[in-house]
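> Just the structure for this:
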Amino acid sequence: MKLGELAQKLGCKLEGDAQTEIRGIAGIDVARAGELTFISNPRYRQAARTTRASAVLVAPDLVVEREAGLPPLALVRSADPYLDFARAMPLFYTPPRYAPSVHPTAVIAPSAKIGEGAHVGPYCFVDEGATIGRNAVLHSFVTIYRGARIGDDFFAHAHAVVRENCRVGDRVILQNGVVIGGDGFGFAKQPDGRWFKMLQAGITAIGDDVEIQANSCVDRATVGETRIGKGAKLDDLVLVGHGGTVGENTLLCGQVGLAGTTRVGNDCILGGQVGCSGHLTVGDGAMITPQSGVPNDVPPGALYSGSPVVEHRQWLKNAAAISRVPELAKTVRQLEAEVARLKAQIGA
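A predicted model of the protein is given here:
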């Protein structure tokens, strides 16, 4: 594809030779001649000095310099280079397509309903009363329990599971090993000290355009439902506990854990390994930085950090103070020694 055509498709302004042939895309450190790369973070601007790429997506005002002797680098000016790089990917890479078919090893219950154009791969199991929409792909070893209802354009990678009576919207992607609607972690202590398992009678409901990545679990509610709002994205090894709610277009990064009945609003971002205790609310638009512990409600639009979390600017002050603790301890020891010396003089 000619670079000029590519810039036009992306709606970007081109500074460079429009006839340059672009054959693929790559990261800035490994890109070669004939490839497009991008800079979304100014810290990578130095990498543009030596990249072998033929063109780079950059912000409208970013100044890019080249080392002497290297070929010129075409600039594709974009309001959002990262987004436009993502938009460029389908122009050069087409994911595998799966023809409508049912593999001979798949087991589909007589009362299950599977929509037109579906692909059901090896060793998949669809239980009684389950409903799956049009153009679904069940890759292999996928299990759909009885009574589950799944929308159109569903894609379940190997070993994904949708449990009984759960609901899944349109265009949902489940990566390998995802479990939708596993039992919530509910146990009541008995007088003899043993734990009594609480029946998990609710369901899990997944909205449209949700993607859940590998080995994540969204537990079913004890009663009612656990809900993931449309457009939400859950990273690898995320746990959403029973009765929780995740709002629309919210991101939960790797190893986030939400205890039961946690409510996370719309357009939130929870960084990796954030842990939320149960029965709390994270307001719309809030951001929580990685490895934070959340014991209480977080207001809408807030940026919180730490464990337990505090407002981010306060956390920065706290962190700065903690870094001075060894120095302060040394000063205290010196003062104690001076006080002891003065006491000894007075006593003498």
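> from here on, contacts and neighbour counts on C-alpha atoms
Noted.
> Buried ones in stretch 162-175, by neighbour count?
For stretch 162-175, a neighbour-count test (16 or more other Cα atoms under 10 Å) marks 162-175 as buried.
> quick one: which of the residues you listed sit in strands?
When the buried residues of stretch 162-175 are checked against strands (DSSP state E), the matches are Val162, Arg167, Val168, Ile173, Leu174.
> quick one: low-confidence ranges for the stretch 101-250 of the chain?
When residues are selected by pLDDT under 70, none of them lie in the stretch 101-250 of the chain.
> picking that back up, pipe the buried residues of stretch 162-175 into TSV and attach distance to Trp195 per row.
Output for those, formatted as TSV (distance: Cα to Cα, whole Å):
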residue	distance to Trp195
Val162	27
Arg163	24
Glu164	24
Asn165	26
Cys166	26
Arg167	30
Val168	32
Gly169	35
Asp170	39
Arg171	39
Val172	36
Ile173	36
Leu174	32
Gln175	33
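> which one of the ones in strands among the buried residues of stretch 162-175 sits closest to Gly151?
Val168 (6.1 Å; Cα to Cα).
> Quick check: of the buried residues of stretch 162-175, which lies closest to Cys12?
For those, the nearest to Cys12 is Arg171 (28.5 Å; Cα to Cα).
> Which residues are in contact with that closest one?
Gly151, Asp152, Asp153, Phe154, Phe155, Asp208, Asp209, Val210 (Cα atoms under 8 Å, 6 or more residues apart in numbering).
> and if we set it to 7 Å?
Asp152, Asp153, Phe154, Asp208, Asp209 (Cα atoms under 7 Å, 6 or more residues apart in numbering).
> can you check Glu211 too?
Contacts of Glu211 (Cα under 7 Å, 6+ apart): Val172, Ile173, Leu174, Ala232, Lys233, Leu234.
> now those in a markdown table, with distance to Ala329?
A markdown table is the format used below for those (distance: Cα to Cα, whole Å):
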| residue | distance to Ala329 |
| --- | --- |
| Val172 | 55 |
| Ile173 | 54 |
| Leu174 | 52 |
| Ala232 | 47 |
| Lys233 | 45 |
| Leu234 | 43 |
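> Go through the residues you listed and say which is closest to Pro308.
Once Cα to Cα is applied, the member of these that ends up nearest Pro308 is Leu234, at 22.9 Å.
> roughly how far apart are that closest one and Ile206?
Distance of Leu234 to Ile206, given as Cα to Cα, to the nearest Å: 12 Å.
> any idea how far the most centrally placed residue in the chain is from Cys217?
Taking Cα atoms, centre = their mean as the criterion, Asp235 is the residue nearest the geometric centre of the chain, at 3.5 Å. Applying Cα to Cα, the value for Asp235 to Cys217 is 10 Å.
> and what of Asn165?
16 Å.
> ditto for Gly224
17 Å.
> The two: who's more crowded?
Cys217 (25 against 14; other Cα atoms under 10 Å).
> which residues does the more buried one bridge with?
Here Cys217 shows beta-bridge partners Val179, Leu239, assigned using DSSP bridges.
> Wait, it touches Val238, no?
Yes. The criterion here is Cα atoms under 7 Å, and Cys217 meets it with Val238 at 6.4 Å.
> re the thing from before, quick one: which of the ones in strands among the buried residues of stretch 162-175 is nearest to Gly11?
Distances from Gly11 to these, taken by Cα to Cα, are shortest for Ile173, at 28.3 Å.
> got a list of what the closest one touches?
Phe154, Phe155, Ala156, Val210, Glu211, Ile212.
> TSV for those, including distance to Trp195 and secondary structure?
Formatted as TSV, the contacts of Ile173 follow (distance: Cα to Cα, whole Å; DSSP: H, G, I helix; E, B strand; the rest coil):
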residue	distance to Trp195	secondary structure
Phe154	38	coil
Phe155	37	strand
Ala156	34	strand
Val210	35	coil
Glu211	34	strand
Ile212	31	strand
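> between those residues, which is nearest Glu338?
Looking across the contacts of Ile173 and measuring by Cα to Cα, the closest to Glu338 is Ile212, at 61.7 Å.
> neighbours of the closest one, just the number please.
Using other Cα under 10 Å, Ile212 is surrounded by 27 other residues.
> Could you do Lys330 as well?
Lys330 has 11 nearby residues by other Cα under 10 Å.
> what's the answer for the one 10 residues further on, then?
Neighbour count for Ala340, taken as other Cα under 10 Å: 12.
> May I have the phi/psi pair for it?
Per-residue torsions, Ala340: phi -60, psi -40 (degrees, to the nearest 10).
> Then the one 3 residues further on?
Phi and psi for Lys343, reported as degrees, to the nearest 10, are phi -60, psi -40.
> repeat for Gly293
Here Gly293 shows phi and psi, under degrees, to the nearest 10, equal to phi -110, psi 130.
> In contact with the nearest residue to it once chain neighbours are set aside: list those residues for me.
Spatially, and ignoring its direct neighbours in sequence, Gly293 is nearest to Ser307 (4.4 Å; Cα to Cα, 6 or more residues apart in numbering). Contacts for Ser307 (Cα under 7 Å, 6+ apart) come out as Ser292, Gly293, Val294.
> ok so Ala337 is a helix residue?
Yes. Ala337 sits within a helix when classified using DSSP: H, G, I helix; E, B strand; the rest coil.
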